[in-house]
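J.: following is a predicted model, sequence given first.
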Amino acid sequence: MVPELTGAIVALVCVALVYTGMAARVVKQYERGVLFRLGRVAGEVRPPGLTLIIPFVDRLAKVNMQIVTLPIPAQEGITRDNVTVRVDAVVYFRVVDATSALVKVEDYKFAVSQMAQTSLRSIIGKSDLDDLLSNREQLNQGLELMIDSPAVGWGIQVDRVEIKDVSLPDTMKRSMARQAEADRERRARIINADAELQASKKLAEAAQQMSGTPAALQLRLLQTVMAVSAEKNSTLVLPIPVELLHFLERGNRADTPPTEGTAHQTPEQPPKEIAPQEPAPRITPEETTPNGDRTQAPDLNGAPGPEIGRHHLTPNPGGGPRPE
């Protein structure tokens, strides 16, 4: 009798151990257990630790409550200013209601991924290129709001959304590089012009100060010579003041005598006035006839000139005065 009782107790203990082994479940600290009894949610969510279920009747589903990092595949779209870009992002979310995450959506991770891709493409179409490059904080907030709105009903809370990278076409990269280079050059020219303006003002003040004391110019000249000679160069540059060159040029002009054939005219003496002269009388040539008569030659118009007079030439052997 005793052996039979002992065998029954041992068998009962073994069945209890097997039942306990089949009914015992361990929920980890970062998990929550949702119990389904005959297909329905039974009771509250099981906390972390050891929990028991009815074998072949209950099913315990464990839900991870940790923050999930979900990368969003790169999405290609056209911005509002008609630029084609590729943008990828990452979503950080976690489950806050384990029952809703299991009951209301089939695969909450896949659902969040598809919602994030759709929202990212929508954000690309509503934004400009400059906003995608420089105003990412506002875009991240808008993207987070678009993903979090439907995810709240699934028992999921979106903690943060970050845009990782924005890929641009090569032509757009070259255009932006040229724009940045031109802007840098513009700023450099403005800075150089400002420096030149300040330097010119200082030089004008220095020149005005030196003009009152000529010795200061000589001291500055000697300082320049010392600075150049301190470098031990074989070539020595000696600057000559421009005023000295002007003085030598004026002295050279004063010592040079005037050349021959050049009339020395005082610039202050006014030119002499020349009185008009009467026209000289025209003298017409005379012609001698074969008989010794002298007549006036015709004028230029062809008319014969008037006869002046006739003189008969007779020989005068005595050499006395010839009668008229």
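T.: Ah, there it is.

J.: what about stretch 40-53, how long is it end to end?
T.: The straight-line separation of the ends of stretch 40-53 (CA to CA, to the nearest Å) is 14 Å.

J.: where does pLDDT dip in the stretch 1-150 of the chain?
T.: 1 (pLDDT under 70).

J.: so how far is L60 from L38?
T.: Distance from L38 to L60, counting by CB to CB, to the nearest Å: 13 Å. Placement of C-beta: from N, CA and C, glycine included.

J.: those two - which one has more neighbours?
T.: Neighbours of L38 and L60, each counted by other CB atoms under 10 Å, are more numerous for L60; the result is 16 against 9.

J.: secondary structure class for the more buried one?
T.: strand (DSSP: H, G, I helix; E, B strand; the rest coil).

J.: now do the contacts for it.
T.: Under the criterion of CB atoms under 8 Å, 6 or more residues apart in numbering, the contact list for L60 reads 25, 27, 33-36, 46, 51, 53.

J.: which of these sits closest to Q209?
T.: Within the contacts of L60, distances to Q209 taken as CB to CB reach their minimum at V27, with 89.4 Å.

J.: now do that closest one against K104, distance only.
T.: From V27 over to K104 (counting by CB to CB), the distance is 21 Å.

J.: between the two, which is the more surrounded one?
T.: Per other CB under 10 Å, whichever of V27 and K104 has more neighbours is V27, with 18 against 14.

J.: these two touch, right, the more buried one and K62?
T.: Yes. With contacts counted by CB atoms under 8 Å, V27 reaches K62, the gap being 6.4 Å.

J.: overlap in contacts of those two?
T.: With CB under 8 Å, 6+ apart as the test, V27 and K62 both reach G33.

J.: ok so, going back, want to throw the contacts of L60 into JSON lines with secondary structure and distance to T79?
T.: Conversion of the contacts of L60 to JSON lines gives the following (DSSP: H, G, I helix; E, B strand; the rest coil; distance: CB to CB, whole Å):
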{"residue": "R25", "secondary structure": "strand", "distance to T79": "52"}
{"residue": "V27", "secondary structure": "strand", "distance to T79": "47"}
{"residue": "G33", "secondary structure": "strand", "distance to T79": "46"}
{"residue": "V34", "secondary structure": "strand", "distance to T79": "43"}
{"residue": "L35", "secondary structure": "strand", "distance to T79": "49"}
{"residue": "F36", "secondary structure": "strand", "distance to T79": "47"}
{"residue": "R46", "secondary structure": "strand", "distance to T79": "49"}
{"residue": "T51", "secondary structure": "strand", "distance to T79": "52"}
{"residue": "I53", "secondary structure": "coil", "distance to T79": "54"}
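
J.: please indicate which of the residues you listed are buried?
T.: With neighbours counted by 16 or more other CB atoms under 10 Å, the contacts of L60 contain buried members at 25, 27, 33-36, 46, 51, 53.

J.: what's the most distant pair in the residues you listed?
T.: V27 and F36 (14.6 Å).

J.: all strands for this structure, in order.
T.: Here the chain has its strands, by DSSP state E, at 24-27, 31-37, 40-41, 49-52, 58-64, 68-78, 84-95, 156-167, 286-288, 294-296, 307-309.

J.: columns distance to M210 on top of these, output as a markdown table?
T.: Conversion of the strands of the chain to a markdown table gives the following (distance: least, CB to CB, whole Å):
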| stretch | distance to M210 |
| --- | --- |
| strand 24-27 | 92 |
| strand 31-37 | 88 |
| strand 40-41 | 98 |
| strand 49-52 | 93 |
| strand 58-64 | 84 |
| strand 68-78 | 66 |
| strand 84-95 | 62 |
| strand 156-167 | 59 |
| strand 286-288 | 87 |
| strand 294-296 | 88 |
| strand 307-309 | 91 |
